[in-house]
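Undergrad: Here is my input, please return the structure:
(one chain, ligands or ions: 2)
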Amino acid sequence: MRLLIVGTLEGHISAAGQIAIGRGAKVSHVETIDAGLTALRNGRGADLVMVDVGLSVPRLLKAMKAEHINTPVVACGIQSDPDAAEAAIRAGAKEYIPLPPDAELIAAVLAAVTEDQSSVVFADPVMASTLKLADQVAPSDASILITGESGTGKEVLARYIHEKSRRNGNAFVSVNCAAIPDNLLESELFGHEKGAFTGAVARRIGKFEEANGGTLLLDEISEMDIRLQAKLLRAIQEREIDRVGGSQPVKVDIRLLATSNRDLEKHVRDGNFREDLYFRLNVFNLQLPALRERPGDIPVLAAFFGKKYAEANGLSDRPMTASALARLTEHHWRGNVRELENTMHRAVLLASAKEIDSDAILLTGEGMSPLIGGAVTAAPAAPPGQQAPTASAPSSAAGDADGGQSLVGRTVADVERDLIIDTLEHCLGNRTHAANILGISIRTLRNKLKIYNDEGVAVPTLGDGERNGL
Ligand SMILES: Nc1ncnc2c1ncn2[C@@H]1O[C@H](COP(=O)(O)OP(=O)(O)OP(=O)(O)O)[C@@H](O)[C@H]1O
Ligand SMILES: [Mg+2]
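TA: Residues are numbered from 1 along each chain as shown. Ligands and ions are numbered 1, 2, ... in the order given. Below you'll find the model as predicted:
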């Protein structure tokens, strides 16, 4: 889920943000009501807004109401300010969270808002049999390796397994091994003692301890440095961890789930992944089929995302025409469910007031669209019925790929830049996902974006406030 924090309150709010990140939320932060409204308006939205009660919460709520932004808002403030709390609730805030934040309270609020986070939408028999397997193995404590192409729903499935397990009353903690630099990942996983290294100003509890009693998801495990893999193996075997700079091991009780969108067996053969660790993680393997292998899921997922983004944008949930649906079912969906989700997000914003017709369906890899000249992957926040802005980017490499010919005469660097920028736009600025789709490491992507930035190319900014782990 995506959490937008508005305000500062001398660090208390960011402590709340850290707790939310620990619970799997993606958190973005702005300081003022106006900046918060801008963030909500730009079409990227948030699932929950947490606002400093010292700011004008009534003004925020009034503006949101006027603009049909239906995201729930909770107010936060120091306990000694009951008047401000009352004013916030009166203005329409859903909850009041006293600061300093209580981890359980924040978790409860997040859970209430994200009830459907672990629901897996499906209709295709192929997916039904995958879920049947998941149901069978969920109650055990066995480690599960979830594999599948980027965007197939590996994280969704991990949450589903946690919810179906005996540990569902305890934490589900997720760590993205690809997004955290190697030198920080060890302390992220195992924690550190004060003074363990430069910058370790206080003791920090790692994700293993945080997930104690619950489930730990090691997302994109294939990206973990081989030296750290040895420590991870020890932690799994011994059921205890060593904090960085710590003198005594700490016992932990966790169930491990891991995901990978790469062929881990090949990684093992190439010497990049420890075989013993692979066998430890892969007690059971759940393989998520690509979306094109389960076409029966496309209509139900499209309807689900259509409703979700209509609600998030304060728009009515409009039906899809048969031709719009035909376009969706015929598409190749290289980016899988995430690509379908982004496509529906755009469609909801572009469609007319009555229905979602095929002209609102902008698909990756297609050339000129009648609605948006040249823009293949723009995600404009234009109100329904209005023409979306034309993208100023050079013609899309992805869009030209079909013809092939049109690439002749362009340099590799040039085409690569367009491909990277288009993919990033398509992922609403999410670098982790863009790197996955492009098949390059996040580090390579970051380096390239830095060069483009320095050259003055407009690089899509972090969409969805993806601060988590970046
Ligand atoms: N069956 C499903 N029902 C509802 N939403 C889904 C389903 N599968 C995927 N999604 C949504 O699609 C998006 C991508 O899913 P998720 O992040 O789980 O994929 P992933 O396989 O982990 O991708 P990546 O390899 O890029 O990390 C998310 O927004 C998720 O909520
Ligand atoms: Mg994932």
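Undergrad: List phi and psi for the closest residue to His29 other than its chain neighbours.
TA: Nearest non-adjacent residue to His29, counting by C-beta to C-beta, 6 or more residues apart in numbering: Ile5, 4.5 Å away. (Each C-beta comes from the backbone N, C-alpha and C, glycine too.) Ile5 has phi and psi values of phi -100, psi 130 when expressed as degrees, to the nearest 10.
Undergrad: pretty sure Ile5 is touching Gly11, no?
TA: No: look at Ile5 against Gly11 with C-beta atoms under 8 Å: they stay out of range, at 11.8 Å.
Undergrad: Comparing these two, which residue is more hemmed in?
TA: Ile5 (25 against 10; other C-beta atoms under 10 Å).
Undergrad: Leaving out the residues flanking it, which one is nearest to Ser316?
TA: Ala310 (6.3 Å).
Undergrad: So which elements touch the one helix or strand that neighbour maps to?
TA: According to DSSP states H and E, Ala310 maps onto helix 297-312. If contacts are counted by 3 or more C-beta pairs under 8 Å, 6 or more residues apart in numbering; DSSP states H and E, helix 297-312 sits against helix 322-330, helix 336-350.
Undergrad: mean confidence for that helix?
TA: For helix 297-312, mean pLDDT rounds to 90.
Undergrad: would you put the C-alpha positions of that helix in CSV?
TA: C-alpha atoms of helix 297-312 as CSV (Å, rounded to 0.1, in the frame of the first residue of the first chain):
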residue,chain,number,x,y,z
ASP,A,297,-7.8,-13.6,-15.4
ILE,A,298,-7.6,-10.6,-17.7
PRO,A,299,-11.3,-9.5,-17.5
VAL,A,300,-11.6,-9.9,-13.8
LEU,A,301,-8.3,-8.2,-13.1
ALA,A,302,-9.3,-5.4,-15.5
ALA,A,303,-12.6,-4.9,-13.7
PHE,A,304,-10.8,-5.0,-10.3
PHE,A,305,-8.3,-2.3,-11.3
GLY,A,306,-10.9,-0.3,-13.0
LYS,A,307,-13.0,-0.1,-9.8
LYS,A,308,-9.9,0.5,-7.7
TYR,A,309,-8.6,3.5,-9.7
ALA,A,310,-12.1,4.9,-10.2
GLU,A,311,-12.5,5.0,-6.4
ALA,A,312,-9.0,6.3,-5.8
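Undergrad: one step back: the residue nearest to His29 bridge partners, please.
TA: Using DSSP bridges, the bridge partners assigned to Ile5 are His29, Met50.
Undergrad: what's the pLDDT at it?
TA: Reported pLDDT for Ile5: 89.
Undergrad: and it, how far is that from Gly314?
TA: Using C-beta to C-beta, to the nearest Å, one gets 21 Å for the distance from Ile5 to Gly314.
Undergrad: for Ala351, same thing?
TA: Distance of Ala351 to Gly314, computed by C-beta to C-beta: 14 Å.
Undergrad: Settle it for me: which of those two has more neighbours?
TA: Counted by other C-beta under 10 Å, Ala351 and Gly314 do not tie: Ala351 has more neighbours, with 24 against 14.
Undergrad: Would you mind putting the helices and strands packed on helix 297-312 into CSV with distance to ligand 2, mean neighbour count and mean pLDDT alongside?
TA: Converted to CSV, the helices and strands packed on helix 297-312 look like this (distance: least, C-beta to the ion, whole Å; neighbours: other C-beta atoms under 10 Å; pLDDT from 0 to 100):
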stretch, distance to ligand 2, mean neighbour count, mean pLDDT
helix 322-330, 22, 15, 95
helix 336-350, 9, 24, 91
